[in-house]
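Engineer: sequence first, predicted model second:
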Amino acid sequence: MSLDTATRERIESLLKDHRVVLFMKGDRQQPMCGFSAAATNMLNELLPSYHTVNVLEDPEIREGIKAFGEWPTIPQLYVEGELVGGADIIRQLYTSGELHTLFGAALPDRTPPEITITDAAAEAIRQGTGNVQGVALHLEIGPDHSAGFQLAPAGEHDIVAHANGLEVHFDPASAQRAKGIVIDWVSTVQGEGLSLKFPGAQEIKSITVQQLKTLLETNSVTLIDVRPAQSRAQAAPLPQARVLEDEGYESLAALPKDTAIAFICHHGISSRAMAERFAAHGFSNLHNVDGGMDAWAAEIDSSVPRY
């Protein structure tokens, strides 16, 4: 596409006024896509401040920046007016240490973390990867201890940990956060999957919707609804619930560490994952609502829509 003069001048002005500019979806505090979140996680490790431009709020910049740098995707990182690249290149430079050098930061510690993989998890990983060639198991752990596994080609600068006959690949920040973790395979009524336990993290207690009802009636728990807006539109949050998406993770994570917190979602799966993130941050009195809003509608309040 062609770039009109006014939009070009706006972009040039942004790059002139700020040494480091990230054109992204969302902002540094609330990225609105996985690629933008990954980019900000890496930049946040290295820079106390940098400028972000939320392209979702500015369609002209969203399309214009693609033409400006002849780069088709978002996010895009510029340093001193020069295009560095998108999420994949940012990750490559971060993992190799070149991004640290660019910003004058100390090179990353590349010591592989000591991790534990239980026999059950090891067997599940082997079964899941046995027929896949040319890829490695990567684990990314964000600053809020959110974690994600993926199968992808091994990178030249990956930090590799070994446990129970398996390799797990990390970027530098994830490797630091992974020290002492236990990777397990868990089975619940909601399903099966890999689970992380961080050193010192407390166990997540499962509660029924009947138990939740009692706790709410006695004001004995803070309920956090972790569902996205689309799900909440189909069944509104309970009146007592605080909405994660509205308040933001950082705000709720500022609660006292001994606060009794219950997490609820549609069926009890994503709420458990969120509870584990709070546990990794030192919260000690956490509960996951088994069956989620669907169980509440079926067993407590039939006026709540099931979807």
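Structural biologist: Structure received.
Engineer: pLDDT weak spots in the stretch 151-300 of the chain?
Structural biologist: Scanning the stretch 151-300 of the chain with the threshold set as pLDDT under 70 gives 187-191.
Engineer: could you redo the last one with a cut-off of 90?
Structural biologist: Applying pLDDT under 90 to the stretch 151-300 of the chain flags residues 152, 155, 185-203, 248-251, 253-254, 269-270, 272-274, 276-282, 284.
Engineer: helices along that one, start to end?
Structural biologist: 172-177, 209-217, 229-234, 244-247, 249-252, 270-280, 292-299 (DSSP state H, counting those that start in this stretch).
Engineer: can I get those in JSON lines with mean neighbour count and distance to L151?
Structural biologist: Every residue, glycine included, has its C-beta placed from N, CA and C. Converted to JSON lines, the helices of the stretch 151-300 of the chain look like this (neighbours: other Cβ atoms under 10 Å; distance: least, Cβ to Cβ, whole Å):
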{"stretch": "helix 172-177", "mean neighbour count": "21", "distance to L151": "16"}
{"stretch": "helix 209-217", "mean neighbour count": "16", "distance to L151": "36"}
{"stretch": "helix 229-234", "mean neighbour count": "12", "distance to L151": "28"}
{"stretch": "helix 244-247", "mean neighbour count": "14", "distance to L151": "28"}
{"stretch": "helix 249-252", "mean neighbour count": "14", "distance to L151": "27"}
{"stretch": "helix 270-280", "mean neighbour count": "23", "distance to L151": "19"}
{"stretch": "helix 292-299", "mean neighbour count": "20", "distance to L151": "29"}
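Engineer: P256: neighbouring residues, count only.
Structural biologist: For P256, the count of nearby residues is 8 (other Cβ atoms under 10 Å).
Engineer: for I141, that is, sorry about that
Structural biologist: Other residues near I141 number 23, with proximity taken as other Cβ under 10 Å.
Engineer: may I have the beta-bridge partners of it?
Structural biologist: Applying DSSP bridges to I141 yields these beta-bridge partners: A147.
Engineer: quick one on the thing from earlier: now the helices of the stretch 151-300 of the chain as a markdown table including distance to T116?
Structural biologist: Output for those, formatted as a markdown table (distance: least, Cβ to Cβ, whole Å):
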| stretch | distance to T116 |
| --- | --- |
| helix 172-177 | 15 |
| helix 209-217 | 32 |
| helix 229-234 | 35 |
| helix 244-247 | 30 |
| helix 249-252 | 27 |
| helix 270-280 | 15 |
| helix 292-299 | 30 |
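Engineer: domains in this structure, by residue range?
Structural biologist: 5-102, 116-197, 205-299 (automatic domain parsing).
Engineer: mind checking the helices of the stretch 151-300 of the chain for the one nearest to E45?
Structural biologist: Among these, helix 172-177 comes nearest to E45, with 5.2 Å by Cβ to Cβ.
Engineer: which residues touch that closest one?
Structural biologist: 41-42, 45, 94-95, 97, 108-113, 139-141, 143, 145, 159, 161 (Cβ atoms under 8 Å, 6 or more residues apart in numbering).
Engineer: of those, grab the buried ones for PyMOL.
Structural biologist: Only the buried members of these enter the following PyMOL selection, criterion being 16 or more other Cβ atoms under 10 Å:
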select buried, resi 41+42+45+94+95+97+108+112+113+139+140+141+145+159+161
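Engineer: so which of the contacts of helix 172-177 belong to helices?
Structural biologist: Judged by DSSP state H, helices contain the following of these: N41, M42, E45, Y94, T95.
Engineer: any idea how far the third one is from D109?
Structural biologist: From E45 across to D109, the span is 12 Å (Cβ to Cβ, to the nearest Å).
Engineer: likewise for the second one?
Structural biologist: Applying Cβ to Cβ, one obtains 15 Å for the distance of M42 from D109.
Engineer: the fourth one now?
Structural biologist: For Y94, the distance to D109 under the criterion Cβ to Cβ works out to 13 Å.
Engineer: ok, now the first one?
Structural biologist: Spatial separation of N41 from D109 under the definition Cβ to Cβ is 17 Å.
Engineer: next one: V132
Structural biologist: Relative to D109, and taking Cβ to Cβ, V132 is found at 30 Å.
Engineer: with V79 instead?
Structural biologist: For V79 relative to D109 (Cβ to Cβ), the value is 24 Å.
Engineer: how about H157, phi and psi?
Structural biologist: phi -110, psi 20 (degrees, to the nearest 10).
Engineer: next up, the contacts around it.
Structural biologist: H157 touches Q92, T95, S96, G97, counting by Cβ under 8 Å, 6+ apart.
Engineer: name the nearest residue to the third one, ignoring sequence neighbours.
Structural biologist: If I follow you right, that is S96. Of all residues not flanking S96 in the chain, H157 sits nearest, at 4.4 Å (Cβ to Cβ, 6 or more residues apart in numbering).
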